[in-house]
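>>> quick one, what's the 3D model for this:
(one chain, ligands or ions: 3)
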Amino acid sequence: MNKTPLAEQIQIVLYGMRNSGKSSLMNNLFEREVSIVSEHPGTTTDPVTKSMELGRLGPVAFHDTAGFDDEGDLGLLRIKRTYQKVDIADIILLVTKADSPLQQEEKEFLQKMSQASRNILVVLTFADKSKNIEKEKFLQNYTLVAVSNLHKTGIQELRVALMEMADKIEYEISPVEGLVEENDLVVLVTPIDLAAPKGRLILPQVESIRDLLDKDCATLILKERELGYFYPRLPEKPRLIITDSQVFSKVAADIPPDQLLTSFSILFARKKGDLCYFVKGVKALENTPPGSKILILESCSHHRQADDIGTVKIPRLFRQMVQPDVHFDFSRELPDQDKIKEYYMVINCAGCMVTRKSMMQRVNTLKKHGIHALNYGLFLAWANGLLPRVLEPFPDAYEIYRGV
Ligand SMILES: Nc1nc2c(ncn2[C@@H]2O[C@H](COP(=O)(O)OP(=O)(O)O)[C@@H](O)[C@H]2O)c(=O)[nH]1
Ligand code: SF4
Ligand SMILES: [Mg+2]
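Ligands and ions are numbered 1, 2, ... in the order given. Got it, this is the predicted structure:
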């Protein structure tokens, strides 16, 4: 399949009771066995994910899940994991048997999802059996597709129905969307230090390069040390310089003040999260009360370095520049509702490995509880005194920062 990162694909998640035919449907969609089908309830224990190219939708990832009526301690854990998949879903497929009555869990699930205005499609499996008329009546306001996994009918109809949902999906903008034009020259500054992975570039850099190629721009990639040498020798003024946050100061010192500059993390704060909300978060730094609790929230288990940004650098700078008397916690998941309220502020990683949807779920939860939020890149830019400058390419966020 294509090499589009998983986080960039449209996420389609299959939900339903155990034995409703989710795994069979997964196999029929992929025309081979990707998920284990069994008549024993609870066979699919961990979510199975598989990608394909689906017409107008482009690359999509299907996620098979355990049933939401799973049992026992382990079952509850699986239900929790299944529900976490709701957060990332662009399209939710409720898989339900055409021949049996609607279950309470299904009803509640549908109500919750409709209230949250989620994109739902109902797949009525067991179309080879007799219909439950009452159920069909209850579901009449949803888009319904009848499928028999046994006879492999309705699968193409389902693919078509999915493609027709393309217009309802909130697409993640690409890294340099709206910032460049055809034939622009863009310089990328990527330090190759101990934190850099061996033999490759990190995802935000790779995605930016690809995006610039798609937008017919020329890209010059160099390390911060070479910028001073090459910048005066460039054939034209670059439209934009995008730098790694960690070398902001060095980069800013080597270029004229009117050169448009931003960072990979700011591009990703806009792409994955809510740049304006994060800028408000930066403004809240100066009012941090003594004794505040700050949560550093990462999104994956990347390999930590000795001078790791999240666990070492940011807490150190925070204590030096914002407020010495603060307590830091570190997590990869947003804590439960009660615990969240204890925090004054959440500092997010760039979220390069997660979807915009899951990052926005976090941000919206934080907003709901009135908790300030920002991300690593914004914090480092602020700490280096460069924040208004790196926000210049983004007028809305710039205004918020300048506003009193
Ligand atoms: N007759 C019929 N049987 C089906 C259909 N879909 C699934 N099954 C059977 O129902 C059982 C449970 O299917 P499975 O895909 O494992 O359900 P899951 O628990 O939702 O993943 C298996 O024995 C399947 O062969 C269908 O559309 N028609
Ligand atoms: S920025 Fe977040 S998602 Fe990306 S590698 Fe670091 S911890 Fe993982
Ligand atoms: Mg299954």
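>>> contacts and neighbour counts: CA atoms only from here.
Will do.
>>> domain parsing for the protein?
Taking automatic domain parsing as the reference, the chain has its domains at 6-168, 185-266, 278-402.
>>> out of the ones you listed, nearest to L179?
Closest of the domains of the chain to L179 is domain 278-402, at 7.1 Å (criterion: Cα to Cα).
>>> for that closest one, measure first residue to last.
Terminal residues of domain 278-402 are spaced 14 Å apart (Cα to Cα, to the nearest Å).
>>> then stretch 322-340?
Note: stretch 322-340 ends 21 Å apart using Cα to Cα.
>>> pLDDT averaged over it - what is it?
In this model, stretch 322-340 carries a mean pLDDT of 92.
>>> what residue ranges in the stretch 301-404 of the chain are flagged as low confidence?
Within the stretch 301-404 of the chain, the ranges that satisfy pLDDT under 70 run 302-307, 404.
>>> ok so, going back, could you dump the domains of the chain to TSV with distance to L179 and mean neighbour count?
What follows is the domains of the chain, written out as TSV (distance: least, Cα to Cα, whole Å; neighbours: other Cα atoms under 10 Å):
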stretch	distance to L179	mean neighbour count
domain 6-168	20	18
domain 185-266	8	17
domain 278-402	7	17
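>>> now the terminal residues of stretch 94-108, how far apart.
By Cα to Cα, the extent of stretch 94-108 from end to end equals 12 Å.
>>> around ligand 2, which positions in the protein sit nearby?
Counting by Cα under 6 Å from any ligand atom, the residues of the chain close to ligand 2 are E298, S299, C300, H302, C349, A350, G351, C352, M353, V354.
>>> in strands, which of these appear?
Using DSSP state E, no member of the residues of the chain next to ligand 2 falls in strands.
>>> bridged to N348, which residues?
For N348, the beta-bridge partners are L297, N375 (DSSP bridges).
>>> residues contacting it?
Going by Cα atoms under 8 Å, 6 or more residues apart in numbering, N348 touches I296, L297, E298, A373, L374, N375, Y376.
>>> nearest to ligand 2 among those?
Nearest to ligand 2, judged by Cα to the nearest ligand atom, of these is E298 at 4.4 Å.
>>> list the contacts of that closest one.
Contacts of E298 by Cα under 8 Å, 6+ apart are G310, F330, S331, R332, E333, N348, C349, G351.
>>> hmm, who's touching the helix or strand harbouring F109?
Assigned by DSSP states H and E, F109 belongs to helix 104-115. Residues outside helix 104-115 that contact it (Cα under 8 Å, 6+ apart): G16, M17, F68, D69, I120.
>>> what about the helices in the stretch 251-400 of the chain?
Remark: helices assigned in the stretch 251-400 of the chain by DSSP state H, counting those that start in this stretch are 264-272, 275-283, 314-321, 337-340, 356-368, 376-383, 387-391, 395-402.
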